[in-house]
Each structure stands twice: as structure tokens, then as C-alpha cells.
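Asker: coords please:
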Amino acid sequence: MLTFRARRTLVAAILALPAAALPVAVQAADPWPSRPIRLVVPFAAGSGTDAVARITAKELGDALGQNVVVDNRPGANGAIAAELVAQAAPDGYTLFMTTNTTHSANPSLMKKLPYDPIKDFTPVARMGNLPFMLVVNPKLPVKTVGELIAYARAHPGMSYASGNSTGIVSGATLGRMARVDLLHVPYKSTPPAMTDVIAGQVPMMFVDVAAGIANVKAGKMRALAVTTAQRSRLLPDLPPIGDTPELKGFDITSWNGVFAPARTPQPVVDRLNRELTKIANSKDVAPKFEALGFEAFGQTPQQFAGFVAGELVKWTKLVKDAGIQPE
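Answerer: I've put the predicted structure just below:
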């Protein structure tokens, strides 16, 4: 056993060592964040989620004093990006901005999911909603949802494009509720789907306002309705699709939020939530989000976790009711 004098001498010797010579357990951990952060997005550049992510990344980077880099990983209805994040180190340097596609709909749309939407992720912050609208090629001779249904009944097998799960489920729900025969044409992401609707290759689609509003304002697509039960404050002149008698009760909303890999340290999650909530509620940032058609607001990690669990149940029923078979 060391004497008091020997212990004091040993402590003094350790304190005199340079930091590089200290054992790992003795050295203080680098403060987080000490290097750039990757924000993975499961959709292509030009999608609504991508646009929201780029604004968020800039604001979050400024708040944390580190670059936040958007990493687009489209494909497999968002599953490629979700699996990447699920397998990433839980150190706060890989984040996931995603939607109901990966965490609510995919478990019912895909037979084999390479990730668990609950167990493999830590909810960080809900950022808001991405309202969707039903749009058609402007040359299509319809100006209301009722006219579209009548046209579709007269043209069995009319097609609709989709670039995400909300588009898939909305189209199938429309077909079931209105009793019309629609052909689903899936795309890897929203931008190429819109391109074909604008070109007239596919007559219609459900698209998030963030991605489609510019083309609607330019007259390249005609918006007929929003998919929510109430009018959107961002598009007050556009009626809810549920106002059409055949589609009463139609209510589909796309949400947006940020996750981290499971087991990410709680202090990191709490710091991220504080900064992301400030961004979502910022009066300075609000005009940027609203210009995209994004309804921003914040939630605590606990509130977001409860919301995600509830949405998983809701979307399981939506997919089943729409008669969609998993692929």
C-alpha cells in the first residue's frame, strides 16, 4: 500500500504529464460537437424534405458552431437512408430528417424492412407538417376533384404518379373511396414524378406543397385540393379533398422530424431538441419555411416519441384500408 507521501507524488507526476500521454480514461472527452454533423435525407434534392433540411442545416450549424451537411440518400421509399442512420454510431454526428414515409408507412408497404422504426432510432424533434395537394396536368379538362372523379370513371385505368408513401397511399385511398380504377406509377422521388406530370406523361399525383407550389404558381400544374381535413393556412383558397361527397373523411397528413440512431446520449439529444425547436418556432425562419409550404412547429423528444408510435398505428390502418399489398 502506498504511503500518503507516495500517493501525493504519483498524483503530482500524472498532473505534470502532457494530455497526449494520459490514459484514455483520464483524458476529458471532446465537447460535442467538435466536428461537422451529417443530416441524412431519404429523398432526392428538390424534394420538399430536402428543401426543409437545407434551411434547418444552415440554422442548426450556426447555432452549434459546426457545419451541418445535408446527405441525400434516396431510394427504396426511404429505406436506404433509414438503414444507414440506424447503423450509424450513436454519437450525435449522424442525424436523420425524415417523414411518415420511413417511420409510419414503410412497415406496411414493405414486406422486409431493414430497420425498426421504433427500436433503431432516438426521436429528437418534430419539425412540423408537409401539407400535400392533389395536382393534375393543366391540359386535363378538370378544375375540381368532383370533375376529376367523373373523368377518371370515364377513363378507366387513369394513372397517378407518386414519389413517396403519402403519394402512394393518397392515390390508393382516392381510388377506393371514389370507386375509380387508377393505375399507380411509382417513382424513385418526387422531382421526376412531377416532371412527368408536367409533361403530360402521367395526368395526376399527390405532391407536398413544399415541392410542388412553384410549379403550381407557374401554371405548370393545377392544384385541386389539399389532403388534410381542414384548409391549410398556407393555401387558404384550396379546399380539402374531403369536401367532395365521395371523399368525405379523407384526411392524410405528412409530418417531418429529426431522429438520431438509438442510444444517442441524452445530453446530445436534449441540446439538439432545444436548437431545433428554436428553429421551428423562429419568427425569422418562419417566412422561409412558409415560402416552401412547410408548417413548422416543435415538440419535445418525449412528445415526438409518442406521436411517432401513434402515427405507426394510424398509417397501418390507412394502408390496409386502401387495399395496398406490401412489396
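Asker: how much space between residue 31 and residue 113?
Answerer: The spacing between residue 31 and residue 113, counted by Cβ to Cβ, to the nearest Å, is 36 Å. (Each C-beta comes from the backbone N, C-alpha and C, glycine too.)
Asker: so who does residue 60 touch?
Answerer: 37, 39, 68, 272, 275-276, 279 (Cβ atoms under 8 Å, 6 or more residues apart in numbering).
Asker: how does the protein divide into domains?
Answerer: Structural domains assigned to the chain are 37-130+253-322, 132-243, following the TED database.
Asker: Looking at residue 31 and residue 113 now, which is surrounded by more residues?
Answerer: residue 113 (19 against 6; other Cβ atoms under 10 Å).
Asker: I figured the more buried one hits residue 105, correct?
Answerer: No - between residue 113 and residue 105 there is no contact under Cβ atoms under 8 Å: 10.8 Å.
Asker: Need the single longest helix in the chain, by residues.
Answerer: helix 301-322 (DSSP state H).
Asker: contact partners of that helix?
Answerer: Counting by Cβ under 8 Å, 6+ apart, 100, 103-105, 107-109, 117-118, 122-126, 165, 169, 172-173, 175-176, 252, 255, 257, 269-270, 273, 299 sit against helix 301-322.
Asker: what's the spacing between it and its chain's center?
Answerer: 14 Å (Cα atoms, centre = their mean, to the nearest Å).
Asker: ranges for the helices of the stretch 1-150 of the chain?
Answerer: 4-16, 48-64, 79-86, 100, 106-109, 145-154 (DSSP state H, counting those that start in this stretch).
Asker: can you put those helices in CSV and add distance to residue 293?
Answerer: What follows is these, written out as CSV (distance: least, Cβ to Cβ, whole Å):
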stretch, distance to residue 293
helix 4-16, 58
helix 48-64, 7
helix 79-86, 22
helix 100, 16
helix 106-109, 23
helix 145-154, 19
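Asker: In strands only, show me the contacts of helix 301-322.
Answerer: Using DSSP state E, the subset of these located in strands is 122-126, 255, 257.
Asker: Out of those residues, the closest to residue 136 would be?
Answerer: Distance to residue 136, by Cβ to Cβ, is smallest for residue 255 among these, at 25.1 Å.
Asker: in what helix or strand does residue 225 lie?
Answerer: strand 222-226 (DSSP states H and E).
Asker: Can you spell out which helices and strands pack onto that strand?
Answerer: Using 3 or more Cβ pairs under 8 Å, 6 or more residues apart in numbering; DSSP states H and E, the elements in contact with strand 222-226 are strand 132-136, helix 145-154, helix 209-217.
Asker: got the angle between that strand and strand 132-136?
Answerer: Angle of strand 222-226 versus strand 132-136, following axes from the mean of the first three to the mean of the last three Cα atoms, to 10 degrees, is 150 degrees.
Asker: Could you list the low-pLDDT ranges of this structure?
Answerer: Low-confidence segments of the chain (pLDDT under 70): 1-29.
Asker: 50 instead?
Answerer: 1-17, 19-28 (pLDDT under 50).
Asker: if we can go back for a sec, in strands only, show me the contacts of residue 60.
Answerer: Using DSSP E, the contacts of residue 60 in strands are 37, 39, 68.
Asker: contacting residues for residue 242?
Answerer: Counting by Cβ under 8 Å, 6+ apart, residue 242 has contacts 229, 248-251.
Asker: Looking at those residues, which is nearest residue 81?
Answerer: Closest approach to residue 81 among the contacts of residue 242 (Cβ to Cβ): residue 251, at 27.0 Å.
Asker: how many neighbours does the closest residue to that closest one other than its chain neighbours have?
Answerer: Spatial nearest neighbour of residue 251, chain neighbours left out: residue 229 (4.0 Å); criterion: Cβ to Cβ, 6 or more residues apart in numbering. The local packing of residue 229 (other Cβ under 10 Å) involves 15 other residues.
Asker: what does residue 196 give?
Answerer: 17.
Asker: Need the contact partners of stretch 109-119.
Answerer: Outside stretch 109-119, the residues touching it (Cβ under 8 Å, 6+ apart) are 76-77, 79, 82-83, 86, 102-104, 106-107, 121, 165, 168, 262, 308-309, 312, 319, 324, 326-327.
Asker: In ChimeraX, select just the buried ones from those.
Answerer: Those of these that count as buried under 16 or more other Cβ atoms under 10 Å are selected in ChimeraX with:
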select :76,77,79,82,83,86,102,103,104,106,107,121,165,168,308,312,319,324
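Asker: How much space separates residue 314 from residue 257?
Answerer: On the measure of Cβ to Cβ, residue 314 and residue 257 end up 15 Å apart.
Asker: cool, residue 282 as well?
Answerer: 17 Å.
Asker: okay, these two: which has more neighbours?
Answerer: residue 257 (24 against 15).
Asker: Number of residues surrounding the residue nearest to the more buried one when sequence neighbours are not counted?
Answerer: Using Cβ to Cβ, 6+ apart and skipping residues adjacent in sequence, the residue nearest residue 257 is residue 126, 4.2 Å away. Neighbours of residue 126 under the rule other Cβ under 10 Å: 25.
Asker: which ones are touching residue 126?
Answerer: Remark: with contacts taken as Cβ under 8 Å, 6+ apart, residue 126 is in contact with 255-257, 297-299, 303-304, 307.
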